[in-house]
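> predicted structure and sequence below. I'll ask about it afterward.
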Amino acid sequence: MEVEVKLRLLDSISHQRLSTILSRHHRKTHFQENVFFDGANAELSSNLAVLRLRFYDLDSHSVLSLKAKPVISAGISRIEEHEEPIDPVIARQCVAEPWRLLLINSSNIIRRVKEEYNVKDNGLVCLGGFRNVRAIYEWNGLKLELDETHYGFGTCYEIECESSEPEIAKKLLEELLKNNGIDYMYSEVSKFAIFRSGKLPR
């Protein structure tokens, strides 16, 4: 179970201000491309699951993940997540021809997709995706991820923090934002849900 604090920043000015405040805690920045898949008959999405390929830093590496049963409330997200590394060359082939994913017999994720969600051979479709610039910071014992997410219909900004004590992490983050006059809201939906809706949250 992945548990994260997710706070949405209202605009690019807030994003830049927070980036500047955290600059001395910066560790690295990743350029991510996220591509999503579903069963041809919506076998995954109808069961609140999604299959994702994520490419990092111009295909330096890539990860296959299966996320399921998301719940987000008061800025805290809980979701079942399983991840596996995958060769970027193979991953790119799977984007072009999604059925190739189902041939990866060594993958526990693909086994679940077939057996648990009943996705048959040739039964995957690519839904498209979005790009994300993720700056990572180590601050007050927390790993913070500052996101600038580029959809085909606009850009969103968000600060995330995975934590086993999310209420404490959320309190620290809210204090940081409030003390520096940075406007924010609790994130109410996932990036994938925003992508599928085709519009930015209000």
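Sure thing, it's come through.
> pull the residues that contact stretch 9-24.
For stretch 9-24, the surrounding residues in contact (C-beta atoms under 8 Å, 6 or more residues apart in numbering) are 135, 137, 139, 144, 146, 148, 155, 157-159, 176-177, 180-185. The way it works is simple: take the backbone N, C-alpha and C, and place the C-beta from them, glycine included.
> which PyMOL command selects the buried ones in the residues you listed?
Command for PyMOL, covering only those of the contacts of stretch 9-24 found buried under the criterion 16 or more other C-beta atoms under 10 Å:
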select buried, resi 135+137+139+144+146+148+157+158+159+176+177+182+184
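> just the ones of the contacts of stretch 9-24 in strands?
Judged by DSSP state E, the subset of the contacts of stretch 9-24 located in strands is 135, 137, 139, 144, 146, 148, 155, 157, 158, 159, 184, 185.
> any chance of the residues you listed in a markdown table, with pLDDT too?
Listed next are these as a markdown table, based on pLDDT from 0 to 100:
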| residue | pLDDT |
| --- | --- |
| 135 | 98 |
| 137 | 98 |
| 139 | 97 |
| 144 | 98 |
| 146 | 98 |
| 148 | 98 |
| 155 | 98 |
| 157 | 98 |
| 158 | 98 |
| 159 | 98 |
| 184 | 97 |
| 185 | 97 |
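> wait, which of those residues is closest to residue 79?
Set against residue 79, the nearest of these by C-beta to C-beta is residue 158 (15.0 Å).
> now that closest one, which residues is it bridged with?
Residue 158 has these beta-bridge partners by DSSP bridges: residue 8, residue 147.
> in contact with it, which residues are there?
Contacts of residue 158 (C-beta under 8 Å, 6+ apart): 6, 7, 8, 9, 146, 147, 149, 187, 191.
> could you do residue 60 as well?
residue 88.
> again, but for the one 3 residues further on
Neighbour list for residue 63: 53, 54, 56, 83, 84, 85, 86 [criterion: C-beta under 8 Å, 6+ apart].
> and residue 174, by the same measure?
Contacts of residue 174 by C-beta under 8 Å, 6+ apart are 7, 184.
> need the helices for the protein, in chain order.
12-21, 88-96, 108-115, 166-179, 191-197 (DSSP state H).
> just give me how far the third one sits from the chain centre.
Its chain's average C-alpha position is 20 Å from that of helix 108-115, according to C-alpha atoms, centre = their mean, to the nearest Å.
> and if you look at the fourth one?
Taking C-alpha atoms, centre = their mean, the mean C-alpha location of helix 166-179 is offset from the chain mean by 21 Å.
> centroid-wise, who is the farthest residue in this protein?
residue 179 (27.4 Å; C-alpha atoms, centre = their mean).
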